[in-house]
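J.: Any chance you can model this:
(chains A and B)
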Amino acid sequence: MTERDPYSWSVIVGGYAKVKDFSSCFSMFRELVRCGMPLDNYTLPIVIRACRDLKDLQFGRVIHCATSKCGLDFDHFVCASLVDMYARCKVIEDARQLFDKMPRRDLVTWTVMVGALAECSSAVESLTLFDRMRVEGIVPDKVALVTVVYACAKLGAMNKARAIHDYINGTRFCLDVILGTAMIDMYAKCGSVDLAREIFDQMQMKNVITWSAMIAAYGYHGQGGKALKLFPMMLSSGILPNRITFVSLLYACSHAGLIEEGQRFFASMWDEYGVRPDVKHYTCMVDLLGRAGRFDEALGLIESMTVEKDEGLWGALLGACRIHRRLDLAKRVASSLLELQPQNPGHYVLLSNIYANAGKWEDMAKTRDLMTKCGLKKIPGWTWIEVDEKLYQFSVGDKTHPRSSEIYVMLKRVDEKLELAGYVPDTNYVLHDVDEEVKQGLLYAHSEKLAIAFGLIVIPGDTPIRITKNLRVCGDCHTFCKFVSSIERRTIILRDANRFHHFKEGGCSCRDYW
DNA sequence: CTAGGGTTAG
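T.: Below you'll find the model as predicted:
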């Protein structure tokens, strides 16, 4: 062929993109430009999607500029693919700007934007956009529903989740394997592993992702036994486990203290199922052994590893040092950890807490100084609570809520009752260098406590109080929740950055093993 | 002739 028309070009460029040979795709595109071919709205989305897949923001922007020059930037397909590209490259503002300027938005573009918001910035905005889409008369299809289900999972908002579920039931879409799996994940991450299981049981078709999602759900809800029970069921239904299935199983074992079981899975994953352990599996094992205080075995395992060690692995060991107050080891582990990832404030906070727990105030101060020197700040803690499908967000000492004064009155009342019952605030968890009285004040108004106080006011007694936190729950708030669950006779379901805590009758589902 | 979807560690 000597003369190529725009369609032939797009077929060639697209062909390379389809088989993920992006360098050939890009060089064909460059040749097209060199030949003086006009840019068209068939080829451009293909190349823009290639930038998306490679997360090549730089070239993506170059193409965006080029499309503006030839007046194609408002073409529907070009624009939609640019929004998607910006979203995947995590420049959500650029994606949103473009989206807002689009003269015509169809279902696919809405879906891209809803998904992008859920992933990058706020899941709240994502759900708001989904509502707006429906107001504008766009009817969601299955893919759009999966996306909004994913946003609900991210957000952990149970009432929203139920509303979406009702909506899906109303549409009479069948629960296909992807939608069903997304809904399992949604209910589990909204705090109800039982509702997740109901969906699971309803599904006709299940694949390895479905089974893994269910196993993982039991794991992070602290129900290791149920997670393990699913494994033989999965095998007998003819599904083979993959890497993620084993991460989920091992994680479930470590969070339920099932040490022998975990060791057996770890040994069998390669021998019996041909799944080679990677660093994440080792991390689960270090976590499992470390939590049990079996440091020699954990260190031996790390030494025997042939795969590359990462910050998660050292982080798991450091976490174990905190539980068992292994100060000596913590120092060594932290230096490996901070060498690998000096920019993560969480590591400094953890180390500082370890020192604080041991009363090593000087070391604690040094850690904090080091953190400041690196230009890092502790990530502020936030807690969300959902009331009637509306989300309320609290930060420490927050007074922005319209019913703030009521909330503080409730908190004071509860605190007095708790102290009578023997609750002592543990100020070790306050990182700030302030005196004891101020520390107590800060601790007193931790975001999760404010959210719980609000929940006690507005949520009926027979309904669990569900809250979500962006960080790990602090030890004092964990104790506080246990006391509230017995004294106020309330179930509290707390989702923190790592797992769920179900507080009931003075105890927690994590068995204080977090 | 074009597009958007689900699971995992600390």
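J.: so what's the backbone phi/psi at residue A:492?
T.: With angles defined as degrees, to the nearest 10, residue A:492 sits at phi -120, psi 130.
J.: For DNA strand B, what's the nearest residue on the stretch 101-250 of chain A?
T.: residue A:212 (3.0 Å; CB to the nearest atom of the strand). To be clear about C-beta, it is placed using only N, CA and C from the backbone, and glycine gets the same treatment.
J.: before we move on, which element is the closest residue to residue A:370 other than its chain neighbours in?
T.: Sequence neighbours aside, residue A:348 is the residue nearest to residue A:370 in space, at 6.7 Å (criterion: CB to CB, 6 or more residues apart in numbering). In the assignment (DSSP states H and E), residue A:348 maps to helix A:345-357.
J.: pLDDT of that helix, averaged?
T.: Confidence over helix A:345-357 (mean pLDDT, whole number) is 89.
J.: helices and strands around whichever helix or strand comes after it, which ones?
T.: Going down the chain from helix A:345-357, the next helix or strand is helix A:361-373, by DSSP H and E. In terms of contacts (3 or more CB pairs under 8 Å, 6 or more residues apart in numbering; DSSP states H and E), helix A:361-373 is packed against helix A:345-357.
J.: switch the cut-off to 10 Å
T.: With contacts taken as 3 or more CB pairs under 10 Å, 6 or more residues apart in numbering; DSSP states H and E, helix A:361-373 sits against helix A:327-340, helix A:345-357.
J.: Which one, of those helices, ends up nearest to DNA strand B?
T.: Of the helices and strands packed on helix A:361-373, nearest to DNA strand B by CB to the nearest atom of the strand is helix A:345-357, at 7.8 Å.
J.: right, is that closest one up against DNA strand B?
T.: No: judged by CB under 7 Å from any atom of the strand, helix A:345-357 makes no contact with DNA strand B; its nearest approach is 7.8 Å.
J.: rewinding a little: for the residue nearest to residue A:370, what are its contacts?
T.: Residues in contact with residue A:348 (CB atoms under 10 Å, 6 or more residues apart in numbering) are A:334, A:337-338, A:342, A:367-372, A:374, A:376-378, A:431.
J.: now swap in residue A:148 and tell me
T.: Contacts of residue A:148 by CB under 10 Å, 6+ apart are A:111, A:114-115, A:118, A:123, A:126-127, A:129-131, A:133-134, A:140, A:160-161, A:164, A:167-168, A:182, A:186.
J.: Pull the host helix or strand of it out as CSV, backbone CA atoms only.
T.: Using DSSP H and E, residue A:148 sits in helix A:142-155. Presented in CSV, the C-alpha positions along helix A:142-155 are these (Å, rounded to 0.1, in the frame of the first residue of the first chain):
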residue,chain,number,x,y,z
LYS,A,142,-24.3,-2.2,34.0
VAL,A,143,-20.9,-0.8,33.7
ALA,A,144,-22.0,2.5,35.2
LEU,A,145,-23.5,0.6,38.1
VAL,A,146,-20.3,-1.3,38.7
THR,A,147,-18.5,2.0,38.9
VAL,A,148,-20.9,3.6,41.4
VAL,A,149,-20.9,0.4,43.4
TYR,A,150,-17.1,0.8,43.5
ALA,A,151,-17.5,4.4,44.7
CYS,A,152,-19.8,3.2,47.5
ALA,A,153,-17.2,0.6,48.5
LYS,A,154,-14.5,3.3,48.7
LEU,A,155,-16.7,5.5,50.7
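J.: Who are the packing partners of the very next helix or strand once past that helix?
T.: From helix A:142-155 onward toward the C-terminus, using DSSP H and E, the following helix or strand is helix A:158-171. Packing contacts for helix A:158-171, counted by 3+ CB pairs under 10 Å, 6+ apart, involve helix A:123-135, helix A:142-155, helix A:177-189, helix A:193-202, strand A:382-387, strand A:390-395, strand A:465-469.
J.: So is helix A:158-171 next to DNA strand B?
T.: No: judged by CB under 7 Å from any atom of the strand, helix A:158-171 stays clear of DNA strand B, getting no closer than 10.8 Å.
J.: and that helix, which residues are buried?
T.: By 16 or more other CB atoms under 10 Å, the buried positions in helix A:158-171 come out as A:158, A:159, A:160, A:161, A:162, A:164, A:165, A:168.
J.: between that helix and strand A:465-469, how big is the angle?
T.: Calculated by axes from the mean of the first three to the mean of the last three CA atoms, to 10 degrees, helix A:158-171 forms an angle of 100 degrees with strand A:465-469.
J.: Let me see the mean pLDDT of helix A:158-171.
T.: pLDDT averaged over helix A:158-171 gives 94.
J.: by how many degrees do that helix and helix A:142-155 diverge?
T.: Counting by the same axes, to 10 degrees, helix A:158-171 lies at 160 degrees to helix A:142-155.
J.: helix, strand or coil for residue A:322?
T.: helix (DSSP: H, G, I helix; E, B strand; the rest coil).
J.: how far away is it from DNA strand B?
T.: Separation of residue A:322 from DNA strand B (CB to the nearest atom of the strand, to the nearest Å): 9 Å.
J.: That residue and residue A:354 touch, don't they?
T.: Yes: with contact defined as CB atoms under 10 Å, residue A:322 and residue A:354 form a contacting pair (4.9 Å).
J.: which residues do these two both contact?
T.: Common contact partners of residue A:322 and residue A:354 (CB under 10 Å, 6+ apart): residue A:330.
J.: Of the two, which one has the most company?
T.: Taking other CB atoms under 10 Å, residue A:322 and residue A:354 do not tie; residue A:354 has more neighbours (25 against 18).
J.: which residues sit in contact with that one?
T.: A:318-319, A:321-323, A:325-327, A:330-331, A:333-334, A:360, A:363-364, A:367.
J.: which of these are buried?
T.: Buried among the contacts of residue A:354 by 16+ other CB under 10 Å: A:318, A:319, A:321, A:322, A:323, A:326, A:330, A:333, A:334, A:363, A:364, A:367.
J.: Where does the stretch 351-500 of chain A get nearest to DNA strand B, which residue?
T.: In the stretch 351-500 of chain A, the residue that lies nearest DNA strand B is residue A:498 (5.0 Å; CB to the nearest atom of the strand).
J.: Let me know how buried that residue is, in neighbour terms.
T.: Residue A:498 has 16 neighbours, counted by other CB under 10 Å.
J.: for residue A:254, same thing?
T.: Residues lying near residue A:254 (other CB under 10 Å) number 25.
J.: How much space separates residue A:59 from DNA strand B?
T.: Counting by CB to the nearest atom of the strand, the gap from residue A:59 to DNA strand B is 17 Å.
J.: Hmm, residue A:25 and that residue touching each other?
T.: No: Residue A:59 lies out of contact with residue A:25 (CB under 10 Å); the separation is 11.2 Å.
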